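*Asks:* Provided below for reference: sequence and predicted model.
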Amino acid sequence: MHPWAEWNHVVKLDPDKTLVDGESFEAVASSGTDAIAIGGTTGMTEEKMARVVEACGRYDVPVYIEPSHLGAVYHSEAHDGYLVPVVFNAGDPTWITGAHKEWARLDGEIDWSRTYPEAYVVLNEDSSVAEYTQANCNLDPDEVAAYATVAERMFAQPILYVEYSGTLGDPAVVEAAADAVESASVFYGGGIHDYDSAHTMAAYADVVVVGDLVHDEGVEALRETVRGANEA
Ligand SMILES: CC(C)=CCC/C(C)=C/CC/C(C)=C/CC/C(C)=C/COP(=O)(O)OP(=O)(O)O
Ligand SMILES: O=P(O)(O)OC[C@@H](O)CO
Ligand SMILES: [Mg+2]
């Protein structure tokens with residue numbers, strides 16, 4: 001069984017952003033979320049990653065790093081493992097296999113027993129991640145579903161990640177992706193900001209990922225999304 005088999009909700013912390021004044025990583029860890037993922041596209045360094053991993057690793061909730069490039073990989077016993085994106089609709093093959101090849105060549109410490117790929121489909125053309133990967137975001141639900149099928153059937157991907165980072169996406173796209181997969185888990189992330197948005201996406205996605213909200217609004221708002229995800 002994969003570590004995320006029982007997850008409904010994940011918080012994604014961006015080490016390049018701050019928490020709300022007066023809030024702590026402990027409060028985030030005890031929000032009721034099932035896991036903390038640590039990553040972001042811009043401004044990511046191993047030092048910033050290390051600081052947040054070490055702070056979050058003290059609590060009961062599982063912690064995974066999600067590196068956006070080779071220089072953001074941080075090895076530690078304080079985290080549970082590595083979620084490594086593979087961007088299926090990237091315009092630059094660096095983000096499909098290129099960076100991964102360099103990682104395999106240069107990193108002598110890869111622990112494959114706790115390393116998991118995530119098949120991303122990036123759909124918000126205004127996001128940093130879309131620009132960074134030169135993703136083709138102009139996709140119909142049936143095209144996203146086809147990417148999900150290819151990811152699962154041809155590339156044995158255990159996770160299909162529907163990524164609308166920064167904006168709430170189209171539930172019909174998430175539904176199409178969920179219908180297309182047999183055993184892969186569908187993660188949804190982007191613009192979840194309250195009970196309803198979490199509940200809507202969690203009706204189709206196995207796991208909803210909440211990022212900016214924790215940095216912008218804080219833990220109380222985060223708790224509402226946990227409730228929405230768990231009640232879907
Ligand atoms: C092989 C290794 C170790 C790394 C490569 C991994 C890849 C393909 C990264 C591509 C970019 C990516 C999918 C990063 C994951 C994290 C993510 C999507 C963060 C959200 O980013 P945004 O919200 O767009 O950006 P900021 O919030 O940082 O501005
Ligand atoms: O920051 P938000 O918009 O919540 O997106 C979450 C996550 O999918 C980003 O990778
Ligand atoms: Mg972001």
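*Replies:* Ah, there it is. Numbering: from 1, shown residues only. Ligands and ions are numbered 1, 2, ... in the order given.

*Asks:* ok, residue 29 - how many residues close by?
*Replies:* 22 (other Cβ atoms under 10 Å). C-beta coordinates here come from the backbone N, C-alpha and C atoms, glycine included.

*Asks:* so what's it closest to, chain neighbours aside?
*Replies:* residue 59 (3.7 Å; Cβ to Cβ, 6 or more residues apart in numbering).

*Asks:* Same question for residue 43.
*Replies:* residue 16 (3.7 Å).

*Asks:* now do residue 102
*Replies:* residue 70 (5.7 Å).

*Asks:* same check, this time on residue 168
*Replies:* Per Cβ to Cβ, 6+ apart, closest to residue 168 is residue 191, 3.3 Å.

*Asks:* A strand includes the one you found, no?
*Replies:* No. With DSSP: H, G, I helix; E, B strand; the rest coil as the criterion, residue 191 is coil rather than part of a strand.

*Asks:* any idea how far it lies from ligand 1?
*Replies:* 10 Å (Cβ to the nearest ligand atom, to the nearest Å).

*Asks:* Isn't that residue up against residue 163?
*Replies:* No. Counting by Cβ atoms under 8 Å, residue 163 is not a contact partner of residue 191; they are 10.9 Å apart.

*Asks:* Looking at these two, which is more packed in?
*Replies:* Neighbour count, other Cβ under 10 Å: between residue 191 and residue 163, residue 163 has more, with 26 against 18.

*Asks:* quick one, what contacts that one?
*Replies:* Taking Cβ atoms under 8 Å, 6 or more residues apart in numbering, we find residue 163 in contact with 120-124, 127, 129, 189-190.

*Asks:* again, only this time at 10 Å
*Replies:* 85, 87, 89, 118, 120-124, 127, 129-130, 133, 135, 137, 169, 187-190, 209 (Cβ atoms under 10 Å, 6 or more residues apart in numbering).

*Asks:* And residue 87, by the same measure?
*Replies:* Here residue 87 is in contact with 93-96, 99, 118-122, 129-130, 132-135, 161, 163 (Cβ under 10 Å, 6+ apart).

*Asks:* Which among those count as buried?
*Replies:* Neighbour counting by 16 or more other Cβ atoms under 10 Å classes 94-96, 99, 118-122, 129-130, 132-133, 135, 161, 163 among the contacts of residue 87 as buried.
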